[in-house]
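Engineer: Please work out how this folds:
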Amino acid sequence: MAPRKIFSCIGIGDVRSCNVDIVNGNVKLILGLIWSLIVRYQIGRSKFPPKKLMLAWLRAVLPGVDIGNFTSDWNSGVKLSALVDYCRPGSLPNWKHLDPSDGIRNCRVAMDIAKKELGVPIVLDPEYLASPHLDELSGMTYISYFMRENGPGYRSTLNWVRNQLPQNHISNFTTDWNSGELLCELVRSYGGPVPGLENMSTDTEHWESNLSMGT
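Structural biologist: Here you go, the predicted model:
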């Protein structure tokens, strides 16, 4: 992709000025450009802030694990091990009993398993993930490989939903949910009240109201 197209698609202002800054080695701008590309093509496009979206997913799939950031929470390797075990049950069954003070080893083992069994590339050194100097964007970038579309976390969550609603053919988290029917059925499967579900219309003009019933 040509530089002009890259800058225009991520919303950076004057293209000629940016080109000059890159040639001159403007580290802040170059890192900003790289992060913009990561958010757009790796983490995914959403109207929700990437950090909040990622934290919401992690808290949902790991309810017994207190996750509040993408820096110090990952230094011990324990929470990463929990995430790997969620994506591949049984791969790290003793993650709760890991020694938090042995962060480098924990991170290395979890990252190796994630690469071999889940296809998650080791884009960070285990020593850096275990370091108190880990920066937030680096942490987010690595964890994003688990939750991106068709990534291991995505697939695990999709399988979980399929198990909750075995009578439905569910293939994604986008178009399959537009009508609101699946959301309402999932809520009801947990005992939540969904008045009017039996008489729900799946016509497009009713989709918004259907989603409101489920939320």
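
Engineer: can you map out the helices along this protein?
Structural biologist: 3-10, 15-23, 27-38, 50-61, 78-87, 103-118, 126-129, 136-147, 152-164, 181-189, 207-214 (DSSP state H).

Engineer: which one of these lies closest to T71?
Structural biologist: Comparing the helices of the chain by their distance to T71 (Cβ to Cβ), the top pick is helix 136-147, with 5.5 Å. No exception for glycine: its C-beta is placed from N, CA and C like everyone else's.

Engineer: who touches that closest one?
Structural biologist: 35, 38, 42-43, 50-51, 54, 57-58, 69-71, 74, 83, 87, 114, 118, 120-121, 123-124, 128-129, 151-154 (Cβ atoms under 8 Å, 6 or more residues apart in numbering).

Engineer: tilt between it and helix 103-118?
Structural biologist: Interaxial angle, helix 136-147 versus helix 103-118 (axes from the mean of the first three to the mean of the last three Cα atoms, to 10 degrees): 30 degrees.

Engineer: Going by neighbour count, which residues of helix 136-147 are buried?
Structural biologist: For helix 136-147, a neighbour-count test (16 or more other Cβ atoms under 10 Å) marks L137, S138, G139, M140, T141, Y142, I143, S144, Y145, F146, M147 as buried.

Engineer: Could you list the low-pLDDT ranges of the chain?
Structural biologist: By pLDDT under 70, the weakly predicted segments of the chain are 1-48, 214-215.

Engineer: what residue lies at the spatial centre of it?
Structural biologist: Centroid-nearest residue in the chain, with Cα atoms, centre = their mean: M147, separated by 3.3 Å.

Engineer: Verify the stated contact: V194 with N210.
Structural biologist: No - V194 is beyond contact range of N210, at 9.7 Å (criterion: Cβ atoms under 8 Å).

Engineer: And those two? Which one has more around it.
Structural biologist: N210 (22 against 18; other Cβ atoms under 10 Å).
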